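Trainee: Below: sequence and its predicted model.
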Amino acid sequence: MRRVGILIVAAALFAALCIGTSTAQTQGHLERKVVRIAPFYPEIAKRMHVGGVVKLEVLVRANGTVRSTKALGGHPVLIPSASDAVRQWKFEPTPEETTETVQVVFELS
């Protein structure tokens, strides 16, 4: 049991270190650059061989932090992990809040 806990912590730390810079898909305005945190792939999703795309509507504050997320589509097992990761993203600051539509991809290896 202790070994499982250590593996979960190690996987979470690895996911937190997987940071990349890209742009978010946006509606009605210029794209905001974003630093993304990779989502943790839920163990149950791996066992069930569940992969795919989670689509989220994200309300981003002017300072670039995420205010809220709303699922627009995706497998229910993947949505919490995608939402948790996106809440840690840092968007480029802008003069006002924006609503972004983003996709988080979970690929089975």
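Mentor: Thanks, I have the structure now.
Trainee: all strands for this structure, in order.
Mentor: Under the criterion DSSP state E, strands of the chain are mapped to 19-23, 33-37, 52-60, 66-73, 90-91, 98-106.
Trainee: Let me see the mean pLDDT of the last one.
Mentor: Meaning strand 98-106. Strand 98-106 comes out with an average pLDDT of 95.
Trainee: Just the residues contacting it, thanks.
Mentor: Residues from elsewhere that reach strand 98-106 (CB atoms under 8 Å, 6 or more residues apart in numbering): 24-27, 29, 32, 39, 41, 45, 50-60, 72, 74, 78, 81-82, 85-86, 91. (C-beta placed from N, C-alpha, C; glycine too.)
Trainee: Now list the buried members of the residues you listed.
Mentor: Buried subset of these (neighbour count, 16 or more other CB atoms under 10 Å): 24, 26, 32, 39, 41, 45, 50, 52, 54-56, 58, 60, 74, 78, 81-82, 85-86, 91.
Trainee: before we move on, back to that, for the strands of the chain, which one ends up most surrounded?
Mentor: Neighbour counts (mean count of other CB atoms under 10 Å) averaged over each of these peak at strand 90-91, with a mean of 21.
Trainee: Point out the other helices and strands that it packs with.
Mentor: strand 33-37 (3 or more CB pairs under 8 Å, 6 or more residues apart in numbering; DSSP states H and E).
Trainee: What pairs with the strand it packs on, parallel or antiparallel?
Mentor: Strands that pair with strand 33-37, judged by DSSP bridges, come out as strand 19-23 (antiparallel), strand 90-91 (antiparallel).
Trainee: weakest of those strands in terms of mean pLDDT?
Mentor: strand 19-23 (a mean of 35).
Trainee: For the chain, name the helix or strand with the lowest mean pLDDT.
Mentor: None of the helices or strands of the chain scores lower by mean pLDDT, DSSP states H and E than strand 19-23, at a mean of 35.
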